[in-house]
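[1] Just need the structure, nothing else, for what follows:
(one chain, ligands or ions: 1)
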Amino acid sequence: MGHDIRLDDALESYVRASLEDEPELYKRLRAETDALGAISVMQIGWIQARFMQAILQMTGARVYVEIGVFTGYSSLAMADALPDDGRIIALDISDEWPAMGQKYWDEAGVADKIDLRIGDASAAMDNLINSDLKGRVDVVFIDADKGGMEHYLTQAHTLLRGGGVVLADNVLWSGDVINTADTSANTRAIRAFNTALKNDSRFHVSMVPVGDGITIAVKR
Ligand SMILES: C[S@@+](CC[C@H](N)C(=O)[O-])C[C@H]1O[C@@H](n2cnc3c(N)ncnc32)[C@H](O)[C@@H]1O
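    Predicted coordinates for the structure are as follows:
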């Protein structure tokens, strides 16, 4: 059996130090988000952002759908990785948090790439499926309500082109996916999502321990 290295804090710092520095603008958005308190853990980290940017570049992505914007950090990072004619459809049920990100999108000069749609993501995904984007999306990032993950996966499959990619966040859920004492609805939903994808022949599935665990599912 192959060996997967475990990152302790020192090794994670080394990984961070080995990457290009997080831009000052990103740091300011992170600091403003941190000031919201414990909820700020919802924001992806810089290491994960670099990883996801690489996936957008590897897939030659032009159309990226983000389910779960929060304060706009992942949208900002992905907008930077898309070409000038790239487009983000950014979905969130809250209008309060993405408004924080909007300032940073403006300052970064990427706001024109980001089409923010406020409302329930499931309905928004149905609207996209009924638009000319059906079968034309390159990457879908699932990072919203955990109970919706399986449905978003099915919707994403319809939206994606062949070879398009689903990125699903929090699939290791701080390790609680293997904590048998944790029977909360969110944890059960993530376990169910992971099990469903393992058996889903429509995708080539990989799971990587970046951030809180990311699944990469490539549409066959
Ligand atoms: C984990 S955060 C997203 C973090 C963001 N990707 C980032 O890296 O900063 C989850 C977001 O999903 C949104 N959300 C929760 N349920 C939703 C739903 N049913 N439809 C759309 N957005 C939803 C929340 O408002 C929240 O902003």
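[2] Tell me the pLDDT of residue 6.
    Note on residue 6: pLDDT of 89.
[3] Next, it: secondary structure please.
    coil (DSSP: H, G, I helix; E, B strand; the rest coil).
[4] Now for the nearest residue to residue 114 once chain neighbours are set aside, how many residues are close by?
    Sequence neighbours aside, residue 88 is the residue nearest to residue 114 in space, at 4.6 Å (criterion: C-beta to C-beta, 6 or more residues apart in numbering). All C-beta atoms are positioned from the backbone trio N, CA, C, and that covers glycine. For residue 88, the neighbour count with other C-beta atoms under 10 Å is 25.
[5] partners of residue 88 in the sheet?
    Taking DSSP bridges, one finds residue 64, residue 114 as the beta-bridge partners of residue 88.
[6] Hmm, it is touching residue 78, no?
    Yes. With contacts counted by C-beta atoms under 8 Å, residue 88 reaches residue 78, the gap being 6.2 Å.
[7] any shared contact partners between those two?
    Common neighbours of residue 88 and residue 78, using C-beta atoms under 8 Å, 6 or more residues apart in numbering, are 64, 66.
[8] Helix or strand: which one has the residue nearest to the spatial centre of the chain?
    Against the mean C-alpha coordinate of the chain, by C-alpha atoms, centre = their mean, the closest residue is residue 141 at 3.8 Å. Using DSSP states H and E, residue 141 maps to strand 137-142.
[9] try residue 100
    Using DSSP H and E, residue 100 sits in helix 96-108.
[10] and that helix, how far out from the chain's middle?
    Computed by C-alpha atoms, centre = their mean, to the nearest Å, the separation of helix 96-108 from the middle of its chain amounts to 17 Å.
[11] helices or strands next to it in the packing?
    helix 24-34, helix 73-81, strand 114-118 (3 or more C-beta pairs under 8 Å, 6 or more residues apart in numbering; DSSP states H and E).
[12] ok, and which of these has the densest surroundings?
    helix 73-81 (a mean of 24; mean count of other C-beta atoms under 10 Å).
[13] and the gap between the nearest residue to residue 77 once chain neighbours are set aside and the ligand?
    Distances taken as C-beta to C-beta, 6+ apart place residue 49 nearest to residue 77, at 3.9 Å, with adjacent residues excluded. Going from residue 49 to the ligand by C-beta to the nearest ligand atom, to the nearest Å gives 8 Å.
[14] which stretch of helix or strand covers residue 49?
    Going by DSSP H and E, residue 49 is part of helix 46-58.
[15] quick check, the top strand by length along the chain touching the ligand?
    The longest strand of the chain (DSSP state E) is strand 160-169. No. Judged by C-beta under 6 Å from any ligand atom, strand 160-169 and the ligand are separated, with a smallest distance of 6.8 Å.
[16] Could I get the contacting residues of the nearest residue in space to residue 116 that is not next to it in sequence?
    What sits nearest to residue 116 in space, not counting adjacent residues and going by C-beta to C-beta, 6+ apart, is residue 90, at 4.7 Å. By C-beta under 8 Å, 6+ apart, the contact set of residue 90 is 66, 69, 72, 75, 98, 114-117.
[17] near the ligand too, which of those residues?
    Among the contacts of residue 90, proximity to the ligand is found for residue 69 (C-beta under 6 Å from any ligand atom).
[18] want to throw the contacts of residue 90 into a markdown table with pLDDT?
    Output for the contacts of residue 90, formatted as a markdown table (pLDDT from 0 to 100):
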| residue | pLDDT |
| --- | --- |
| 66 | 99 |
| 69 | 98 |
| 72 | 98 |
| 75 | 98 |
| 98 | 98 |
| 114 | 98 |
| 115 | 98 |
| 116 | 98 |
| 117 | 98 |
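[19] Cheers, nothing more for now.
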